[in-house]
Structure formats: C-alpha cells, structure tokens
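Trainee: everything below, folded, please.
(chains A and B)
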2 protein chains.
Amino acid sequence: MAKKATKAAGKSIKYVYTWGAGKADGNGSQKALLGGKGANLAEMTLIQLPVPPGFTISTEVCTYFYANKRTYPECLQAQMDAGVKNMEKIMGAKFGGTTGMPLLVAVRSGARDSMPGMMDTVLNLGLNDQTVEALTKATNNERFAWDCYRRFIQMYGDVVLGVQKREGEDHEPFEVVIETFKHEVYHKDIVDSDLTADDQKELVKRFKALVKERTGKGFPNDVWDQLRGAAGAVFGSWMNDRAIVYRRKYNIPSEWGTAVNVQAMVYGNTGDDSGSGVAFTRNPANGVNEFYGEFLINAQGEDVVAGVRTPDPVVKLNNVMPKAYKELLKVRSTLEKHFKDVQDVEFTIQKGQLFMLQTRNGKRTAAAALKFSMDMVKEKLIDQETAILRNPADQLEQLLAPDFDLAEIKKAKALAVGLPAGPGAASGIIYLNADRAAAAAEKGETVLLVRNETSPEDLRGMIAAAGILTAKGGVSSHAALVARQMGKVCICGASAVLIDYDKKTVTISGQVFKEGKDYLSIDGTAGTIYGGQVKTGPSQIVLGMLKGDKVAAKTEKVQQFKTLMDWCSKATRLAVRTNADNPEQTEQAIAFGAQGIGLTRTEHMFFEGDRIDAVREMILAEDEQGRRAALAKILPYQREDFIGIFKALKGLPATIRLLDPPLHEFVPHDDKAQAELATKLGLTKEKVASRVNALHEFNPMLGHRGCRLGIAYPEITETQARAIFEAAAEVQKKGIKVKPEVMIPLVGFKKELDLQVAVVHRVAAEVQKEKKIKLSYQVGTMIEVPRGALTADEIAETAEFFSFGTNDLTQTALGISRDDMGNFLMPYTENEIFKKNPFATLDATGVGQLVKIAIEKGRATRPDIKLGICGEHGGDPDSVKFFHNVGLAYVSCSPYRVPVARLAAAQAAIEEKRANAAAAPAKKSAKKAPAKKAAKKK
Amino acid sequence: MAKKATKAAGKSIKYVYTWGAGKADGNGSQKALLGGKGANLAEMTLIQLPVPPGFTISTEVCTYFYANKRTYPECLQAQMDAGVKNMEKIMGAKFGGTTGMPLLVAVRSGARDSMPGMMDTVLNLGLNDQTVEALTKATNNERFAWDCYRRFIQMYGDVVLGVQKREGEDHEPFEVVIETFKHEVYHKDIVDSDLTADDQKELVKRFKALVKERTGKGFPNDVWDQLRGAAGAVFGSWMNDRAIVYRRKYNIPSEWGTAVNVQAMVYGNTGDDSGSGVAFTRNPANGVNEFYGEFLINAQGEDVVAGVRTPDPVVKLNNVMPKAYKELLKVRSTLEKHFKDVQDVEFTIQKGQLFMLQTRNGKRTAAAALKFSMDMVKEKLIDQETAILRNPADQLEQLLAPDFDLAEIKKAKALAVGLPAGPGAASGIIYLNADRAAAAAEKGETVLLVRNETSPEDLRGMIAAAGILTAKGGVSSHAALVARQMGKVCICGASAVLIDYDKKTVTISGQVFKEGKDYLSIDGTAGTIYGGQVKTGPSQIVLGMLKGDKVAAKTEKVQQFKTLMDWCSKATRLAVRTNADNPEQTEQAIAFGAQGIGLTRTEHMFFEGDRIDAVREMILAEDEQGRRAALAKILPYQREDFIGIFKALKGLPATIRLLDPPLHEFVPHDDKAQAELATKLGLTKEKVASRVNALHEFNPMLGHRGCRLGIAYPEITETQARAIFEAAAEVQKKGIKVKPEVMIPLVGFKKELDLQVAVVHRVAAEVQKEKKIKLSYQVGTMIEVPRGALTADEIAETAEFFSFGTNDLTQTALGISRDDMGNFLMPYTENEIFKKNPFATLDATGVGQLVKIAIEKGRATRPDIKLGICGEHGGDPDSVKFFHNVGLAYVSCSPYRVPVARLAAAQAAIEEKRANAAAAPAKKSAKKAPAKKAAKKK
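Mentor: As a prediction, the model looks like this:
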C-alpha cells in the first residue's frame, strides 16, 4: 500500500472523473487510476458509443481510504456533487428529485483487472419514499417503479447494510420475506415478475422492517447518504474474503485498490420493449468469429448473470428488436476495430434504445485465445508478436489436457446435454457443496462440483474441482466465467440435472447419483454429461503433434498451434529443454520443440523390471566389493537406458544427473517385502531390516543424498559414468552425434565436485581408450543448496555448466519442505505471506537473489559457463520470464510443459524488446536536451 | 596448493638455508618457509647456542614436489651440495668419507607448526660398509659404530624403504629379526645395549638381507642416494595417513607443506659420558616455574621419546654430568628471555659436551597456559595483551572440566600411581586397542584407552577416549604429548599396570580388569589410578567462581583466571551473553561474566513437572477453543519461569525465543504412553494416535515449526507474550529493571514477522494497561534461514534486532541435517571437504556470506539494529573471531562456554588492533611518498 496520503494533500487532487454525451475526463489507458470498467466507459464515450453518463471515483481514493482508517479525502464530496450535476444535466433528471423523472444511479466497483462477481454492485440507487412516487409518475408504470424500489432495498440492504444470512439460517433473509409473502398471498411459489405493484409495496414495507430489525436503524431515506454508503461498501468489499480469495488465485496485488463507478440508470425492466444482455464479440469458448451472448427481455443486467432465468442467445434479439440488434452489431464491429481485441460487453435496451454499460477484453479459453490471435493476425488487426502476447502462457497447458478416451466414450452413456462453458473432459465423484468438495479434493479424490448455480462463495470448491456442472445459468453465468478463466471443464444450464441438496443426490434422466460416491463425467467442449467414470485420453494437439494422427494434424487448431510455436522460436532468446528419463518422453518433448534434455534422473529407471533387485543388492552390500558386484549387474541396464535416450535425441545435448535420492527410497520398509528381499539376496531378514533401519534419516532432504552418495561410494559414480560413456561410444559409432553433460547433484563445496569430476574424467578416459573413440562431453553441477550459489565462483573453477535445481534451492533457502508444507500452507496463503506458492513460481525476491549471485560469481570465474535451470519452475511462465531476465541459456521442464515454456520465453523476449524500445526514445531525448543547452551557450 | 611452480622458475630460487658456527641464512621468524624446527635451529645458532650445523630444504620444495608429480627443482642438488660442504667444514668430517671421522646426518621433517610423532625421522645417515669402518677407527669404538649402522638400516628401512609390518604380521619385521637373533644366541630377551659389536655386525647383515627380500633391491650404499631418499620420504610422509589425521584434528592446511632439516649428527650413545634428553623450561602440565624434563644416559634422542626405557628426571643430570647440566640451565634461561615463552627443547650430550637439537614453544595444558601467561606478566617478560593471546581459547574449557567428585574419590580405591601427563579426571570402560576403543566410543561408551605405550597409529583411539593410561614412557612420550595437546586426561609410565593384549585384561595390584567390561578411573593431575567407576565433580574454577567455595576462590588458579577474564573485558569490544533456560543457568553464566541472555528457549521448560500434560493437551486440541483452554494452564507456569529468569538477570537484557520446535517432539510415540495420555486427557487411544500421526513430517527441520506455529495458532504466541509481559510487570514492580527482547524464530518473510509482532505488541499493550505499568521491550527475529538473510532489508523494517541462528542457518545453507551427517561425515573429513566441522566452527566462506549480507541489508534499513548470534557457534573461538570481525554486538553461548567466548572476543580485538597497527605505518609511508614528489616539483 502506498505511503499514507495526508488529508492536506487530498485537497488539490482530482479524484472524480466524469463521462457522458461524448465527452470524458479520462480514457481507456487509465486503468490503474480509473479501474478497467471506468476507463473503458470513458473510452466508449469518447468514441461516441451510447453510454449513459456517470463518473468514476478513482483508485487513489481506495488507497487513501485504507491508509486513513476508512475515511475519505475532504474534497471528495464537492467533486462528487459536480459529477452528479453533470449526470443530471445530460439525463434531464434530478438525483433525489421529486418532480419529473428522478435520476437513479448504479454504483459499481471497478478494479484494474476485472474481477467478475468478486465485487458488489448496487442498482437503482436514489429511490426513496418520495422519488419512487416521482418515478411512478414519470414512467407511468407503478409496478416498474416499486419493483425498482424493492430491488434497491434488497440489494442495498444486503451489500451495504449487511443484512445477510446468519449462522444457522438456511436462506437469505430478504428471500425468506419474499417466499413467506408469496405463500401467504398466493399459497404457492410464483415468479417475481408476477408480483403486482401492491405486492411490491408490501414487500418494500416488510423489507424496511427487516432492515430495522437486523441493523437497529431505519433504511436511509436521504439519497446522498445512500450514495456515500454504497461507495463505502464498494471500497470495503475490496478487502472482503471473496475478493481476497480471487486475488490470491490470480495474483492481483491488494495494493492496487478498486475504483467506484456511479452511472445513470437505464432500465431494461420497463416492459417487453426493454431488456438486458451480455455478449462477446467472438466465441470465447472455441474462438469462432461469431457474435456470442445472451439476453433477457424485461430484465435488469443482474438478472442475466445471476443465472436464475435461462436467457436467449443474443442472435435471437434480431427477432424481437431488430433495430436495436442492428445497432448492437455495429457497436460490436466498432469495438473490435478500436480495441483490437475480443470484447465482452454489457448492454441494456430501454424502450428499444441501446445503451452500452461496459466493455472489457473478453476472458477466453486457451483454445479461443489461440484462434483469436491467429485470426486477428490474418485480419491484420494485430502483428505476430502481439499474437504471441495474447496467448496466456499459464493457460496453454489446457490445450494439451486430456479429452475423453475415444474408445471409452463410445461405450459411455450420454445422459443429458447442457451449455458447453469450459472445454475439456473431466470425470469425478460428485459433490453438491463447495466446502465438502474442497475437503474431498484435499483427501485426494477427483471431484466434480454439481450445483444449481454457483456464486462467489463457491470459489474454493470450484478451484478444488476437476469440473463444474450447473443446472441453471447460461454461458455468461458466474460458473461459466470463472471456469473459463481457471481452465476448468464446465457445463452450465443443464436443466435435466435435478439436484436434491437435502438428500445429497443428483437425478438425471431418472438415474440417481449420490454425493461422495458416484461419478459423473462431463465434456465441456460438447456439453455432454455422462453417467459414471469415463477414462480421459490425449487432446487433439497431442494427437496431432505427438501421436502422428494425420487427421488431427491437419485441423486448424493444430496448425495454428504449430504456427504459434514457430513464431515463438523466432522471437525468443531462451532455449527450452526437457526433463526426460526415457526415450519416449524425449521424443515427445522434441516433438514439442525441446532443444535437448536439461535433466535425466538416472534413478528413475531403477524401478523398471528386475533391476530394482540389483539396486537393492547394491544398497544392502556390506562393503565396496559387494557394491561393485551389484553395480556390475546395473551397468548394462543403465547403458541401454542411455543408448535409447541418445538415439532419441539425434544429436541434441543431454544433461544426465548422477544418482541423487537417499538410498532408503529404494528399499522396502514393510516386514513382508523385507523378508522377500532377504530370501532373494540370501541374507537374513534381520540383516535386511537392520540395514534399512540404518538408512533412516530424520531429515532425508538434508541427508545422505546427491553427490554425498558418490563421495561415500565412488564406485557408484564410476558405474554411472561408465554406462553414460559406453552408451555414448556405441551411439556415436552409429554416426549419431552424442553430447552428454554429466551433472553432479547437490554440490555445496568445490571439493565435492572436484572429487566426483575426477572419477568421471578418469572413466571417460578409460572408455575412450577401450572403445578407441573420441567423445565430446562436459561435466557440471546442480546449484541447489544456498552454499553452492554463494560459492559459485569457486565451484565454477571445476564446473563447465550450472543447472539450477530450484526445487531444492527453494526448500533450503526458505527452510521449507515441500512435502510438509501442507500443515501450514492455509494460514500462509490466507495471510498473503506467499504471493504465490514458491514451489510453483520462483520466489524471485529470495531464491532469485541466490540465482543471481550464482550467475554473477560463476561468470566471474568462467565467462562462458553454460547456465540453465531444471527445477519444476522451468515450466512456469512467471519463472521462465525471470530466468530470461537474469540471462540463463535455457530452462528445462517436463515434456508437456515445453510449449508453455517456449511461449513464456518468447513473451519475455518480446516484453523486454518493447520495454527497451519504450525506454530508448526517453534516453534519446534525455541526451538531446543537454546538446540543446550546449548549443544555446554557443 | 599454490599454482604449479615451473621447472624454469626453480632455477633461480633459494631452496636451501644453512646454519652453523654462529651464522645462519634464515632466522626464527621464517617458520612458513623453513618450518618451525628449521627456523628455530637458525635462530638458536644466531644467538650463539651450541647447535650442530646443518641446512633446511624449504617448504617451497614440498609445494613444488606435490605440484610436479613428486619431482624436485633442478637447482636443488647443487644447493644441497653447498649445504653439505658447509657442515663438513664446520665439523671437520666428510660426508661419505672413508678416512678420518665421517660426517653423519640426521634428516628430520619440520612443518610450520610442530607435529609431534607425525612425521618421520632418519638418524645416522651417511653410514655404509666403508664409512662404518672409518667411524670405528675415528671413535675407536666398534660397538658404537655398528650400533649406529644397525639403527640406521632399521630406521631407513622402515621409514624410507617401507619395510614394515604387513597384514597378518604381529610385529615389525626388523624387531622380529632382533628377537630371533637374541633367542638364537642368548636364548633370552636381552636389552639392546647388551648386544656386542659382533652381534650388531650380524644384525646389519640380517637387516640387509631382510631389505633385499622385502624390497627386491639392496640397501643403498651411496650416501647421496641415502640422503635424497630420506628427503623424499619426509616430503612423502606429509601426505601419509597419520599426518592427515593429525592435520584434521588441529586444522592445519595441507597446503602448508613441510621442510626437511639435514643436521650433522652428534652422539648421545657413545658411552656413559653421553646422553640425550628433552625438557620444558617450565612445567607444561601445571605451569609451575621449574625445569621439567628427562634424559637417558648413553642413548640417542629417539630412545627418550619412544618410551621404551623409562628416563630419569632432567634435574638428576646434575648428579651425573654437573658441568653439562649447568650449561643446560644457562641455555634454559637464555631461551626464555629470547623467545619470551616457555620452550620445549631437545638436547644431546656427547662426551660431556652439550648440543641443542631443537627448541620450540612448549605445548601446554590450559592450566599451564594460564599460569605461564600470568607469571610472565609479573616477570615483565610479556604484557597483558600478549598474556591474553597466550591462552588458547579452544582449550580454556579444560579448566572448567569436571574433576572427581570429592566424596566419591574418598571412597574409591587407589590402585597405583603413574606420571601425571594430562590433568583432569576421567573414568571409562577400558580398551586395549585403539580401533576397538574408537568403535566402542562410537556406540556411546565412555572409553579409557590403556596401552603399554602409544604411537601415532593409535591417534584415532586417543581422540575417541575420555582418558589415556600407559604402562611405559615418560612425560615426553607420545601419549603424554598428544594427550596434553588434546586436553585429554592422561597418566603415563604406570609400571604397576600389567597388560595382557591376548587375554584383553589389565592387572593392577593383583586386581584384574577386563576390556569392554570393567571401569578404571584416572586422575591425570595427581597421577592416581582408581579401580572401578568414580563420579566426577566440578573443577576448582567452577567451585571458586560458581559454587561459592571460599577455599577454591582463594587459590592462585582461580585468582589468575579471574584476572585473565578482567583483562579480557578491558580488551574486548564484543559482548558475551548466554543461552540459558532457567534461573540457575542464568546465575552461573553471570558469574562467568555473561552480559545478559541471548537465547531463552521457552519450550525447554515444557517438560518440567506436570506441565507437559497441559502442553500435550494443547497440541492435541481439536480447535482454538481447546488450545486456549490448555494454554490457560500453561500460562502461570511460563510466567513463573520468566519471573525467575528476570530476577536472576538483575536488570540485564533477556532475549526470549517463542515456541520453536515441531509439536511432534512433545507427544509420546509409543502405544503405551499414548494410551496413558488418552486416559489423562479423556480421549480415545485412536484419537491420540491419529493426532500424533498427523504431526509426522518427512523433514521436520523444514516443517511446521518456528513462527509457522505461531502463525497457524496465534493463541500460542499470545499466551507466551502474556507470560513474558506479566512476569516483567511483576518483577519491575519489585524495583528490578527488566529488559525483555521477544524473538520470533525462523522468519523468512517479512509478513511472517509482521503478523507475530502485531500479536506481541497487542498483548504488551493489554498487560501494561491491566497492570498499570510501562514496560520497555523489543521485538526482533532470528535470522536462521537463507531467505531471512537475503531479505534482511525488508525484515529490518519490523525487527528491532536480529539474532543469527547459525545452527539452522548452517543446516539450510549447506543443505545438511546435523542429525543425519554421521552417515557421510567420515569421507567428508577424510577428503578435507570440510576444513572444520561446520556445525562446530562457522563456515565463514558460505554461511558467513549470508551473515554478512544480512548485516549489511539490516543496517541499510535500520542503522542501529541490534545484532547478535545465539547458535552453538557463539562459544567457538574461531567463530567468535569471525563475529567480532563482521561487527556483531554480542555472541551468546552456553554458560560454561562464556569464558571461552570472552577470551576469544578479547583475542579478536587485540589481533585486530595489532593488524591495524602493523598496517598503519605502511599507509603513512605510502602517503608520504607522493608528498615528497609534490615537494620536488615545487
């Protein structure tokens, strides 16, 4: 949070930015100051789109608010007065006016990045017992006026006055009042639109009584009290739990704050010539260039996104209001040309007249982002580099996520169809409540969240679920929006899904599914719901690029994906390698564009086939002789492993890490398995048990592992080196280039590396002599303990390359075991101690310093030292950008994350280039200035 | 090792330094170049003491030797030729000469620091079948000449040619030849001095045959071949196992190398008017100013230290050779005045004439060091600061080590008396072999090593033993020297001790003790041996300073110790605090001069009395409410703890660390104890077991501990803070100042500290209000994970002090768990990967960087931040010096190490002052030079 703004300073600052009638104080570039919504309302006004007038209270007020014990700058009221006057003038209506049409306003939050459903909104503000009469008179529609008033009290009571469900209550109190009233009067559950004007009046009375009872105070009658209260609630909601959860998920700094937008109301609920809708200028699920959205006749905007009534597709608007629809299509085209990106808009039609209430860049699936960006380059709206930046790297994995297995899905029973709202395939045990879903997921269950509709309260459950299924709501409902952004598989508005929350069952086509027990499977791309569990299979891109499926390879999606990757290669500086332990993984990664192997974990092959017996024999050996005998059995296996990998690499380099994990990981710990092993090895059971016990460590992470194994047992290093070089010799003799890079793990002291490197060089010399061949290889180390980084200058005397093991480096630098973090992760994320999980995204502030120190010191000793990273962070976009910026040569990640890393690397290069270009003219002018001065002096 | 010296460079360098007849190339200050022995031989020559001539081959040749595949610089031979010529001239004898007296030489190693028994020596070199005849003729003593030749072949054969005991052999092969011969000829085991000249001739023949058989080559007849071979053996022995073990124990860098000293032989074995001896200018065991040493009539120097014959006290020399003795007393006085320190000398008397063969600063016990230094200040030989430097800080703890319990020792049975060679008291299970002793000690037994005599091969066993007892050898024997230096309790030459190596028994005064079973107890100060186990009790200094024993307090030892500590306080800058968890420890530490508490571990009091039940109840609680109920029971206990500590401190500050260890450390892990606990807490056994299981962590070091506990359960922090402040309020009301410093452990992120500090401040405010009192306190953090150090600038925004937790910082920076290091410690120390155990002495290169970074960053944010260290390193002298140099305000260590830390801190300050003083004139002259230039220009 910025340093405390003083009250005195508040006096001279502009806090309120108005727009309306084609003019605006702000514009679309001022998102940090005005929030996304406010800036774009100003921008739309400036490009002469039909926007109801209003004003934005800037994010600086939010900052001031939290820095000054929730108070406002002194000058704010005067500026708001002016803003309201401007609206009154344009609308010809008076705020709080009791004659003529009264001005009502909508009060909405507007953060820098849109946070759908996170912040609170109040509509129809400005109504009281007097203005409702004026509204009745002015519109000649008593039912409409009282409907607005009733809605206003309910919203304001909920959001601003906090009249909400209490612990132990099952339903929202305002809803209870409505239900009670309906049953009293109509003896049944009628829809809200069937309520008469008198019904609404009665409800207003009862709502006011409820507010009085719950808050101890009357409902505010003064319209300015209402407005200040609403603005305060918006600012207050910035720090509510839902907002905090959302920001955590999307890593939005809490310092940014929100703006407040106050906008003149227009009414979609004045009758059948009115309505409200939301739309995307293109299809945000699959990227198709079609107008995509929905609307409700005679409804306010909130009704559409609430998902209670199922709306009609926006194209059907042409049938009921063709003129408004034609205008909307024009707006669609204007917006895309102006913003050069797909827009997500809200509109209201009041008595046939179109008003735009919001535009923003549309959230999209990874598939849509790919198609949008590629199509727009074709349409010459954007260039290739912009297209690269338009694909969110952290969502790209969605494209590679499994679909249903083709064979399995044919056998599966399609029970119903809903709206496809989040593409992909998911299968899970159903849960009807977010908390229970989250709890089950924590236990390791794969969970499907099934609800009538979702709300921000369900966020935790949605994050935990593999997929989301709702019975109500359209493609713009809360569930759909959130799922799309998270990359969750989602089906919405599947009305055939009947949910019984009490019995915890779901009935679809007569078939009953029980919570916590039964599986459902959903295809979020097609919208199909299947009973039971259906196996998932590779995505189209995986089929097309990895599996040699010719049909898939020819699809537009696969073609566009390839194009994107090609463009990335042109733009990038950072190479991407892969972490692969066998030939198959290697081939996959190369198909995805990997430029070699950054990490082969030799021990990953130890469990394959019979070889684990030899490994165990080696571990349980009493002396060097015994170990050598067992190692002799392991040697041919390891050699074959490396031969396979070298062949698959076709000349690309391979960094091979020598044995790393503590030996206890390879031996059995239960009695029975130990007895079997004893029999196999001809030892007593006690001998095996005692040796296994001796391997026990209190903190194995910090124990006898890494190069410490090779130093205690040099014969292990020797055998592994021999396997590598014999394999290299054999493959090279077949005419395939081989570039092994032997990597010594967990080095903290130069001498450790020296000792191990001596063994490797000796064995290399022996093999080259035996095989009469010259091999080209390097020996280097992992930098994965802080001491290794801090003494990188010494270590680089011996190491020809460094590969940062950022997993272990994070564990040691933070003193946090990844395996044990679960016990305190919750309070840590809730308190924002971690901005991001440091094991997912590199902790640039802490661990990043060690990386930088190691780079600097390593290069000081050996300027051409090869630098890379092979921890899990190598596939995380933010981390990849960090690694680009500090100047590594490559990152290495698992095969399926290679495209993600390539995209992130290209984006990092483009962003750097653009930042440099932006800085360059500034420098030039800075240089010019003194030149001018000098000229003057002459 | 220095960069490879090229052969070309070798040509112009002086490698050989001669001395003799009052002149010398080198002097006593050149220990790095000439080794200690060589430098002091030159120095003694220069001050006109009677030293046989010779020359030193410098340590640079050793460096060259190892950098150039064990070869020598080209110019070396010519320089050696000149050196030999100089000796020949002074001695009037020719090396290899067959007419007149031939020149024989002794070849000895000489490292920078003396390494007793570690390096190999060859005497009587220059004898062959021709020169032995010349020697016979010149001395007219055939037996003497052939005794020398026989000794020479035996020594040379062993040391240079490697004719040594092989695996499976029980005795040295030369000894076997002698024994066989004796039994053949005399049918019994006669002493060597009874062998006739003909016997020696026969033995020479047999020895030569043995050499031929074992080496395949004849014994070298050429005297130059002999000399080059011996020099090579000395250089080679620098890297032998014994030397490596010794260097490791005393942290001598292997890069230093050794010099070789070639010195003209003088003979102590020419008859009863000759002899050899070793002596200390004062008593090195207790520090008394008395001439202390021993000699053997008709013997060469090696006989004295070998311990085979028990020598006579040196004062008895007055009876047999009064003239030589008088001269020796004069030398004693000259040496102390010249070197201003106690000297350890070797001398030989040849036909009544005294020759000095060596002088060096005498090794001494801590008690002797204390008395030497204090006495010499009185004698005005040295000043107070030099006296401080003369007390080795790492030995000071010896003075505080337990003696036998006075009550117990009265009941114990004194079996025999030997020579008191290493002061202190030790009691242990006897072992007669070094390997078995070491193995038993590893298993946790307290071990007493009992041998006839010890040799360098026994070093590992001596290190492992609590005490050493030998049946043969005097106070200068190997056992005595090594024990004294290590601070081991030792008795030598206890001839009543009869050892049967085969039966593994020791018989003393008819009582039989079995290896591995029976105890002996030894008083190394008095020399008394007791049967069975005797309890040990506090030392005189502890009695005098801590226990209020008035008799002890008045002893010279205690008085001198106090004086030393007072001088330290005057010289020092770094304060010393203590790690204390209760009032008793606090009082002890203050009596030792601690200036407050640097670390109170609040949890150390959790196990006392019934409180563990409340602690366990807290840990097993299901929710905050349950925890709070249990914490309410803990609060009064903790408050009492702090009241006691604050009172004991009498106004000194106390750093109190909040709960740190993982909770699983407090709960029972076995079934029975869990069942009992369940009954106590009214829970099911399953509940307890399941909660204990949930606390299991893979790497508890990196798990849910430190501030992570307080963040998950703020109520724990709250309760501990309340206990601290309520105690502070109560003690302050009694008129005693209280300065609590609340320390949050394991902070890696500023936000962690912020959250905990907020709780502490809140509670402090509450207590101050409740108790109507103003408390003065600070809140700070431990820097003990690398991220804490790296982000110290951020953390210092909140922290008022840092205390470095160097134990955990070492574990995380190195990625090494102290508890698990045992598995790979051996190859690590053998390969010198660690110069010192990083958990004993701070790893200045690695961990030290983090400390420096944290200091720099912490001060950048908060210039007056209080900086200290509370890890185990706070009591380690080398580490204390590091902490002084980086500018910490204090170190904190356990009470008994407080004097050690005070001494080390004073030494660091004095060394810094002296280094600055030494650098200052250099700077001045550097500044003067340009001033002169400027003057010239004028």
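Trainee: going by C-alpha atoms from here, please, whenever you check contacts or count neighbours.
Mentor: Noted.
Trainee: in the stretch 551-700 of chain A, what residue comes closest to chain B?
Mentor: Proximity of the stretch 551-700 of chain A to chain B (CA to the nearest CA) peaks at residue A:699, 4.4 Å away.
Trainee: ok, residue A:746 - contacts?
Mentor: Applying CA atoms under 8 Å, 6 or more residues apart in numbering or on different chains to residue A:746 gives the contacts A:660, A:705, A:706, A:707, A:708, A:781, A:782, A:783, A:784, A:785, A:788.
Trainee: pretty sure it is in a helix, no?
Mentor: No. Assigned with DSSP: H, G, I helix; E, B strand; the rest coil, residue A:746 falls outside any helix and is coil.
Trainee: could you give the number of residues near residue A:246?
Mentor: Neighbours of residue A:246 under the rule other CA atoms under 10 Å in any protein chain shown: 18.
Trainee: can you tell me the SS state at it?
Mentor: Of the three states, residue A:246 takes helix under three-state DSSP.
Trainee: hmm, back to that, take the contacts of residue A:746 and keep only those in helices.
Mentor: Judged by DSSP state H, the contacts of residue A:746 include A:707, A:708, A:788 as members of helices.
Trainee: so where do the strands sit in the stretch 101-250 of chain A?
Mentor: All strands of the stretch 101-250 of chain A, identified by DSSP state E, counting those that start in this stretch, fall at A:102-103, A:105-111, A:121-125.
Trainee: which strand residues bridge residue A:359?
Mentor: Under the criterion DSSP bridges, residue A:359 forms beta bridges with residue A:345.
Trainee: what about it, neighbour count?
Mentor: By the other CA under 10 Å criterion, the neighbourhood of residue A:359 contains 25 residues.
Trainee: residues touching it, list them.
Mentor: Taking CA under 8 Å, 6+ apart, we find residue A:359 in contact with A:37, A:40, A:41, A:44, A:343, A:344, A:345, A:346.
Trainee: before we move on, what about residue A:448?
Mentor: For residue A:448, the contacting residues are A:426-431, A:437, A:465-469, A:520, by CA under 8 Å, 6+ apart.
Trainee: name the member of the contacts of residue A:359 with the most neighbours.
Mentor: When neighbours are counted by other CA under 10 Å, residue A:41 leads these with 32 neighbours.
Trainee: excluding chain neighbours, what is closest to that one?
Mentor: Computed as CA to CA, 6 or more residues apart in numbering or on different chains, the closest residue to residue A:41 that is not its neighbour in sequence is residue A:358, at 6.2 Å.
Trainee: the one you found contacts residue A:348, correct?
Mentor: No. With contacts counted by CA atoms under 8 Å, residue A:358 stays clear of residue A:348, the gap being 10.0 Å.
Trainee: quick check: residue A:18 touching residue A:34?
Mentor: No. Under the criterion of CA under 8 Å, residue A:18 is not in contact with residue A:34, lying 10.6 Å apart.
Trainee: shared neighbours of those two, anything?
Mentor: Each of A:26, A:56 lies in contact with both residue A:18 and residue A:34 under the rule CA under 8 Å, 6+ apart.
Trainee: out of the two, which sits in the busier spot?
Mentor: For residue A:18 versus residue A:34, neighbours defined as other CA under 10 Å are more numerous around residue A:34 (32 against 26).
Trainee: name the nearest residue to the more buried one, ignoring sequence neighbours.
Mentor: Using CA to CA, 6+ apart, the closest residue to residue A:34 is residue A:58 (5.0 Å).
Trainee: residues contacting that neighbour?
Mentor: For residue A:58, the contact set (CA under 8 Å, 6+ apart) comprises A:15, A:16, A:17, A:33, A:34, A:35, A:258, A:259, A:260.
Trainee: between the residues you listed, which sits nearest chain B?
Mentor: The closest of the contacts of residue A:58 to chain B turns out to be residue A:258 (CA to the nearest CA; 22.9 Å).
Trainee: quick one: residues contacting the closest one.
Mentor: By CA under 8 Å, 6+ apart, the contact set of residue A:258 is A:35, A:58, A:59, A:62, A:109, A:110, A:111, A:112, A:235, A:238.
Trainee: that one: what's its closest spatial neighbour, skipping adjacent residues?
Mentor: Counting by CA to CA, 6+ apart, residue A:258 lies nearest to residue A:111, which is 4.2 Å off, once chain neighbours are set aside.
Trainee: hang on, that neighbour packs against residue A:35?
Mentor: Yes. Using CA under 8 Å as the test, residue A:111 is close enough to residue A:35 to be in contact (4.5 Å).
Trainee: more crowded one of these two?
Mentor: Legend: neighbour count by other CA under 10 Å for residue A:111 and residue A:35, higher for residue A:35 (28 against 24).
Trainee: hmm, back to that, overlap in contacts, residue A:111 and residue A:35.
Mentor: When contacts are counted by CA under 8 Å, 6+ apart, residue A:111 and residue A:35 have A:59, A:258, A:259 as shared neighbours.
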